[in-house]
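Visitor: I would like the atomic coordinates for the input below:
(one chain, ligands or ions: 1)
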Amino acid sequence: MKDLFNPYKLKGLELKNRVIMPPMCQYSVDKKDGIATDWHYLHYVSRAVGGAGLIIIEMTDVEPDGRISDFDLGLWSDEQIPALKKIVDACHSYGAKVGIQIAHAGRKAEDAEVPVAPSAIPFDENSKMPRALSTNEVKEMVEKFRSAVQRAVKAGVDTVEIHGAHGYLIHQFHSPLTNKREDEYGKDLTKFGREIIQAAKAEIPEDMPLIMRISAKEYVEGGYGIKESIAFAREYQQAGVDIFDISSGGEGPIAAWGRPGTHAAYQVPLAQEIKQALDIPVIAVGRLDDPILANAVIGNEAADLVAVGRGMLRNPYWALEAAAKLKKETTTPKQYTTGF
Ligand SMILES: Cc1cc2nc3c(=O)[nH]c(=O)nc-3n(C[C@H](O)[C@H](O)[C@H](O)COP(=O)(O)O)c2cc1C
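Guide: Coordinates of the predicted model:
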């Protein structure tokens, strides 16, 4: 039987356990320069000391106007590599593997003067009106993703996660509600995402798996559901995705009927459906803070890996405590063994 503390291997990625820290924006860049700070260093390295098998660094954007806020991380310049490399190296020395989420916020770039999007449709009535990217600009955007991935590899990451969820740019392209284009990127809703996946695959080492986060279900009126997300995820899988990280929502104001579950494990059924339909490894996330529940998700083979977000914001040692609670072997830093 598999459990949360079994090692995990896919291609060249070897994790000591199946506990993941999911990407979580810290909005903590000092100088609006997209460069990681001491805060980021402490934040990520603490979770490595705390026993996470894989740490996925927060949404890191491919251009300045691709940030949710001016205080987000970026990888549009080589100057942003060294601070990330320092974090990656330190996490490695404490036994964690590191991924990074590469993204563009699209119409949800709150500090951009004029955000860009597939079509000029705002997020809601309080949001800025975005400008539709020209076909050439869409192609340039693919190249911006490529360059950011290339820089992530230079920073020493073990895997890359493409952010195709939560209503950000890639999600905006594959959702029929936000993509009303008439060019090739509107006639084929996954073309933009597929081209990014192919560009990313060309930049990462052959044995490095590529992760993609998707919203498997939209919560807006008329939004897509699991049937549609299985179909587009299949196209992304064929383009080169090795692991899906299954989230939901984020695309717009939530319809009254569509409110996401607030109960434990509410996104696990979505992860399991994608896993079974595509026969592909998946990460489950969302209210899985109870180690017994997180362990059951792995034991029941609903998902291959489990991510714990807010639980790890509260407790950097979530993984060490989970191992103690589940009576599983893990490597506790020798300085802390008496604590356990
Ligand atoms: C402070 C905060 C920042 C987040 N930032 C990101 C992000 O950068 N990228 C992303 O895909 N999800 C982001 N999320 C969502 C988390 O990765 C995770 O999917 C969500 O919190 C549900 O998991 P949980 O119930 O374990 O917290 C963020 C969540 C929080 C709480």
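
Visitor: Residue numbers of the stretch 201-340 of the chain in contact with the ligand?
Guide: The stretch 201-340 of the chain comes close to the ligand at residues 213, 247, 285-288, 308-311, as judged by CB under 6 Å from any ligand atom. For glycine as for every other residue, the C-beta is placed from the backbone atoms N, C-alpha and C.

Visitor: make it 5 Å
Guide: 285-287, 308-310 (CB under 5 Å from any ligand atom).

Visitor: ok, so of those, who is nearest A83?
Guide: G309 (22.6 Å; CB to CB).

Visitor: tally of neighbours for the spatially closest residue to that closest one that is not a sequence neighbour?
Guide: Nearest non-adjacent residue to G309, counting by CB to CB, 6 or more residues apart in numbering: P22, 4.7 Å away. Using other CB atoms under 10 Å, P22 has 23 other residues around it.

Visitor: what sits against P22?
Guide: 56, 245, 283, 285, 307-309 (CB atoms under 8 Å, 6 or more residues apart in numbering).

Visitor: In helices only, show me the residues of the stretch 201-340 of the chain next to the ligand.
Guide: R310 (DSSP state H).

Visitor: Filter the residues of the stretch 201-340 of the chain next to the ligand down to the buried ones.
Guide: In terms of neighbour count (16 or more other CB atoms under 10 Å), the buried residues within those are 285-287, 308-309.

Visitor: Hmm, P118 and R131 touching each other?
Guide: No: the criterion here is CB atoms under 8 Å, and R131 misses it with P118 at 10.6 Å.

Visitor: Looking at the two, which is more packed in?
Guide: More neighbours surround P118 than the other of R131 and P118, with 26 against 16 (other CB under 10 Å).

Visitor: I'd assumed L177 was in contact with that one.
Guide: No: contact criterion CB under 8 Å: P118 and L177 do not qualify, at 10.4 Å.

Visitor: The buried ones among the residues of the stretch 201-340 of the chain next to the ligand in strands, which ones?
Guide: Here DSSP state E is the test, and these give V285 as lying in strands.

Visitor: out of the buried ones among the residues of the stretch 201-340 of the chain next to the ligand, who's nearest Y94?
Guide: V308 (17.5 Å).

Visitor: Thanks a lot, see you next time.
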